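**Student:** Got a predicted model here, sequence first, then my questions.
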Number of protein chains: 2
Amino acid sequence: MIRVLVADDHPIVRSGIVALLRAAADVEVIGEASTGTEAVALALDLQPDIVLMDLRMPGLDGDQATAQILARHPRVKVIILTTYESDDSILSAIEAGASGYLLKAAPEEEILAGIRSVARGEVALAPAIAALLVKRVTAPPTPALSPRETEVLALVAQGLSNPAIATRLFVGEATVKTHLLHVFEKLGVSDRTRAVTRAMELGLL
Amino acid sequence: MIRVLVADDHPIVRSGIVALLRAAADVEVIGEASTGTEAVALALDLQPDIVLMDLRMPGLDGDQATAQILARHPRVKVIILTTYESDDSILSAIEAGASGYLLKAAPEEEILAGIRSVARGEVALAPAIAALLVKRVTAPPTPALSPRETEVLALVAQGLSNPAIATRLFVGEATVKTHLLHVFEKLGVSDRTRAVTRAMELGLL
DNA sequence: GCCCCCATCCACCGATCGGTGGATCCCGGA
DNA sequence: TCCGGGATCCACCGATCGGTGGATGGGGGC
């Protein structure tokens, strides 16, 4: 019998999952949590085989909750059950050590199969998530801007001129321009406007 | 007995809703749809009292499905059951004529109460949605950019200079600058970079 | 100890930008 | 019919920007 703890802030989703799991003979729902904090507390208390966890929850997010659970009980497996495939926090949850990533849109059998895989010690990844992971690994690394460069670029994004930024940061205009030139180089652009849109695309701003 | 059709692309959410409604004595689930297209077909076929519909669905979106259903059977009431409160398509669904907007995160009783309200001919709005509506009505209208102005601004966002844009659009540089000045005025900014970030905030780009 | 990176500063150049004050054309609504 | 707005064009100005080629000092890693 696979003992499962379900954590999701939506009552509807929670009862949907529970209904699905109840139909499976080899799975038992031993608890439900509606927040990340509650999930951590219950996981430590009940020590389930698997925690089925939503990523977005009020208070403590799914990835943070995952990290906290695994820090104290590495034996517990966490499966993230997420809505959207294009979510940055998926990656932080992976880093937090979750064993599975399934999509709520997946057919019931796929979710059940994922739970059984993880219970056997395997990793269960939804195809879309796997693709995202591959893309992340393949993608060229995002250039790292220094704190100062980021600061200057943020002010540029607000429409401030170089002299205005210089005044704001108590430095010379030449300094501001130097920082900006470095930013241009790192981002592979040649003007402030494109630098801002580029940085936004890359999530740097 | 209130006859309800449930439309959601997530099997889990769907069974959660069905489980919830089954517990209510005065509600009957007469059908389930997993796409917008299917929802329209079933609604026309079964003529339910209420359609409980997700906003985001593959193929036909919730707001479009709502419009199609109401165009042919205005008697059918549509309730949108959405995940996030900050969603622009909420407003288009309202324009499409939905009678209710509830959040999946809401407690079960609230959702049931909403269904009963709409069945009585009332409108059911989640507090967060109502607040969004008020904000939209109160908020100053987004300035409308002319097609040409939008075109120019999009090229600015790509980092093109005025001369470069002029060449690209087969017009003089002075013309490009005039368009940009109009854009600045409409957006209440005074430089190209801020104009781009502003336009992005307003969803114009 | 040395070297690299970050942050800071400076001067100079030509190109570009923002802003002003015009002008013409065309189309659709009053 | 007239009017207004969108799109187009022009010239001119001063401010700003991008780019070059430097310099200094401090902190972390080899």
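**Tutor:** Looks like it arrived, so ask away.
**Student:** what does chain A have sitting close to chain B?
**Tutor:** If contacts are counted using Cβ under 8 Å from any Cβ of the partner chain, the residues of chain A sitting beside chain B are A:9-17, A:19-20, A:81, A:83, A:104-108, A:111, A:156-159, A:161, A:189-198, A:200. Backbone N, C-alpha and C define where each C-beta goes, glycine included.
**Student:** List the ones among these that fall in helices.
**Tutor:** When DSSP state H is applied, those are split such that A:11-17, A:19-20, A:108, A:111, A:156-157, A:192-198, A:200 fall in helices.
**Student:** from these, which would you call buried?
**Tutor:** In terms of neighbour count (16 or more other Cβ atoms under 10 Å in any protein chain shown), the buried residues within these are A:11-17, A:19-20, A:108, A:111, A:156-157, A:192-198.
**Student:** can you give me the strands in chain A?
**Tutor:** Secondary structure of chain A, counting by DSSP state E: strands at A:2-7, A:27-33, A:50-53, A:77-82, A:100-103, A:124-125.
**Student:** Where in chain A is the helix or strand with the lowest mean pLDDT?
**Tutor:** The helix or strand of chain A with the lowest confidence, counting by mean pLDDT, DSSP states H and E, is helix A:127-138 at a mean of 74.
**Student:** gap between it and the chain center?
**Tutor:** Relative to the centre of its chain, helix A:127-138 is centred 13 Å away, using Cα atoms, centre = their mean, to the nearest Å.
**Student:** next one: stretch A:59-66
**Tutor:** With Cα atoms, centre = their mean as the basis, the mean position of stretch A:59-66 lies at 10 Å from the chain mean.
**Student:** Give the rounded mean pLDDT of that stretch.
**Tutor:** For stretch A:59-66, the mean pLDDT works out to 87.
**Student:** Which positions in it come out as buried?
**Tutor:** For stretch A:59-66, burial by neighbour count (16+ other Cβ under 10 Å) applies to A:L60, A:D61, A:G62, A:D63, A:Q64, A:A65, A:T66.
**Student:** Next: stretch A:128-138.
**Tutor:** Of the residues in stretch A:128-138, A:A128, A:I129, A:L132 count as buried by neighbour count, 16+ other Cβ under 10 Å.
**Student:** residue closest to the middle of chain A?
**Tutor:** Here the mean C-alpha position of chain A is nearest to the C-alpha of A:S89 (Cα atoms, centre = their mean), at a distance of 1.0 Å.
**Student:** Give me the pLDDT for that one.
**Tutor:** A:S89 is assigned a pLDDT of 72 by the prediction.
**Student:** Pull the residues that contact the lengthiest helix in chain A.
**Tutor:** Ranked by residue count under DSSP H, the longest helix found in chain A is helix A:173-187. Applying Cβ atoms under 8 Å, 6 or more residues apart in numbering or on different chains, the external contacts of helix A:173-187 come out as A:143-146, A:148-149, A:152-153, A:156, A:162-163, A:165-166, A:169, A:190-192, A:194-195, A:198-199, A:202.
**Student:** which of those come close to DNA strand D?
**Tutor:** On the criterion Cβ under 7 Å from any atom of the strand, A:N162, A:P163, A:S190, A:D191, A:R192 are the entries of those that sit beside DNA strand D.
**Student:** Which pair of those residues spans the longest distance?
**Tutor:** In those, the most distant members under the criterion Cβ to Cβ are A:P163 and A:S190, with 20.6 Å between them.
**Student:** What pLDDT is listed against the residue nearest to A:V196 when sequence neighbours are not counted?
**Tutor:** Using Cβ to Cβ, 6 or more residues apart in numbering or on different chains and skipping the chain neighbours, the partner closest in space to A:V196 is A:A157 (4.6 Å). According to the predicted model, the pLDDT of A:A157 comes to 91.
**Student:** wait, does stretch A:192-202 contact DNA strand C?
**Tutor:** No: in this structure, stretch A:192-202 remains apart from DNA strand C according to Cβ under 7 Å from any atom of the strand; the gap is never smaller than 8.1 Å.
**Student:** Where does pLDDT dip in chain A?
**Tutor:** In the predicted model, chain A carries pLDDT under 70 at residues A:85-88, A:136-141.
**Student:** Give me every residue in it lying close to DNA strand D.
**Tutor:** For chain A, the contact set with DNA strand D under Cβ under 7 Å from any atom of the strand comprises A:161-163, A:173-174, A:177-178, A:180-181, A:184, A:190-193.
**Student:** Buried subset of the residues you listed, written for ChimeraX?
**Tutor:** Filtering the residues of chain A next to DNA strand D down to the buried ones (16+ other Cβ under 10 Å) takes a single ChimeraX command:
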select /A:161,162,180,184,191,192,193
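**Student:** roughly how far apart are the residue nearest to the centre of chain A and A:E38?
**Tutor:** If you measure A:S89 against A:E38 using Cβ to Cβ, to the nearest Å, the figure is 19 Å.
**Student:** out of the strands of chain A, deepest packed?
**Tutor:** Across these, the average number of neighbours (mean count of other Cβ atoms under 10 Å in any protein chain shown) peaks for strand A:50-53, which reaches a mean of 27.
**Student:** just how off-centre is that one within its chain?
**Tutor:** Mean C-alpha position of strand A:50-53 versus that of the full chain (Cα atoms, centre = their mean) differs by 16 Å.
**Student:** I'd say A:I80 and A:M57 touch.
**Tutor:** No: using Cβ atoms under 8 Å, A:I80 is not in contact with A:M57; the gap is 11.3 Å.
**Student:** what packs against the least confident helix or strand of chain A?
**Tutor:** In this structure, helix A:127-138 makes packing contacts with helix A:88-96, strand A:100-103, judged by 3 or more Cβ pairs under 8 Å, 6 or more residues apart in numbering or on different chains; DSSP states H and E.
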